[in-house]
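**Q** Predicted model and sequence follow; I will ask about them next.
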Amino acid sequence: AQRVTQPEKLLSVFKGAPVELKCNYSYSGSPELFWYVQYSRQRLQLLLRHISRESIKGFTADLNKGETSFHLKKPFAQEEDSAMYYCALSGRGSGAGSYQLTFGKGTKLSVIP
Amino acid sequence: NAGVTQTPKFQVLKTGQSMTLQCAQDMNHNSMYWYRQDPGMGLRLIYYSASEGTTDKGEVPNGYNVSRLNKREFSLRLESAAPSQTSVYFCASSEPVEGEKLFFGSGTQLSVL
């Protein structure tokens, strides 16, 4: 079974401070991990995925297989970063040729001006 | 380019009433998904369809049925609504490729009184 854990429901930081949103996973295979973001009144959208090794809006995330973690980081938080962040893991579903995305419970990031 | 379109955006039901949530995507994706989003619970998969003609249960399928009408459309039906089904429902689509990102609809806010 695959599981994603985000230990913090709410994270408040001051503008300009570093941000780290924690994510740990449990999966028997080789994981494909994502961060999705939901800004106020907007639909969920992909922020970044580990296979791309990209930096989006200043955010990065490194897959640490030893610690089974995929923490999201940004060196200097901005007010527009305030949003709900979900860590997600892609794994095989029960149906043939299917993949499921399992989400963590989410962390609400609040950046204080 | 509309992406994933859900209707309705808001709905209020009385306990025991039935309704169908509609979802359509114009990206020619094979896989489609229904999630529910509850505070503190994150997103939980209700049902998914890996390809046209197939559907599979997700994490929380009880009380729901789905129909993959064609490649574009994937509907979610509540036969006898219960207050526990008060939630925000999201439809999503993707290609059934490991590591592929999901595209989400804007959500349906459902209240069951």
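**A** Good, I have the coordinates. Numbering: from 1, shown residues only, chains lettered A, B, ... in the order given.

**Q** residues near residue B:28, how many?
**A** By the criterion of other CB atoms under 10 Å in any protein chain shown, residue B:28 has 9 neighbours. (Glycine included, C-beta is placed from N, CA and C.)

**Q** The residue nearest to it when sequence neighbours are not counted and chain A, how far apart?
**A** Leaving aside its sequence neighbours, residue B:28 sits nearest to residue B:71 (CB to CB, 6 or more residues apart in numbering or on different chains; 7.1 Å). Applying CB to the nearest CB, to the nearest Å, the value for residue B:71 to chain A is 15 Å.

**Q** do residue B:3 as well
**A** 9 Å.

**Q** Give me every residue in chain B lying close to chain A.
**A** Applying CB under 8 Å from any CB of the partner chain, we find that chain B lies next to chain A at B:31, B:33, B:35, B:40-45, B:48, B:50-51, B:54, B:56-58, B:90, B:92, B:94, B:96-102, B:104-107.

**Q** Restricted to helices, list the residues you listed.
**A** With helices defined by DSSP state H, no entry of these lies inside them.

**Q** Of the residues you listed, select the buried ones using a PyMOL command.
**A** The buried residues among the residues of chain B next to chain A can be selected in PyMOL (16 or more other CB atoms under 10 Å in any protein chain shown) with this line:
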select buried, chain B and resi 31+33+35+42+43+44+45+48+50+51+56+57+58+90+92+94+96+100+101+102+104+105+106+107
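
**Q** now whichever strand or helix holds residue B:23, how far from the centre of its chain.
**A** Assigning secondary structure by DSSP states H and E places residue B:23 in strand B:19-25. Its chain's average C-alpha position is 7 Å from that of strand B:19-25, according to CA atoms, centre = their mean, to the nearest Å.

**Q** Which stretches in chain B count as strands?
**A** B:4-7, B:10-13, B:19-25, B:31-38, B:42-49, B:56-57, B:64-68, B:74-78, B:87-94, B:103-104, B:108-112 (DSSP state E).

**Q** Of those, which stretch is the most buried?
**A** Compared across the strands of chain B, strand B:31-38 shows the largest average neighbour count, a mean of 25 (mean count of other CB atoms under 10 Å in any protein chain shown).

**Q** Output the contacting helices and strands for that one.
**A** Applying 3 or more CB pairs under 8 Å, 6 or more residues apart in numbering or on different chains; DSSP states H and E, one finds that strand B:31-38 contacts strand A:99-103, strand B:19-25, strand B:42-49, strand B:64-68, strand B:74-78, strand B:87-94.
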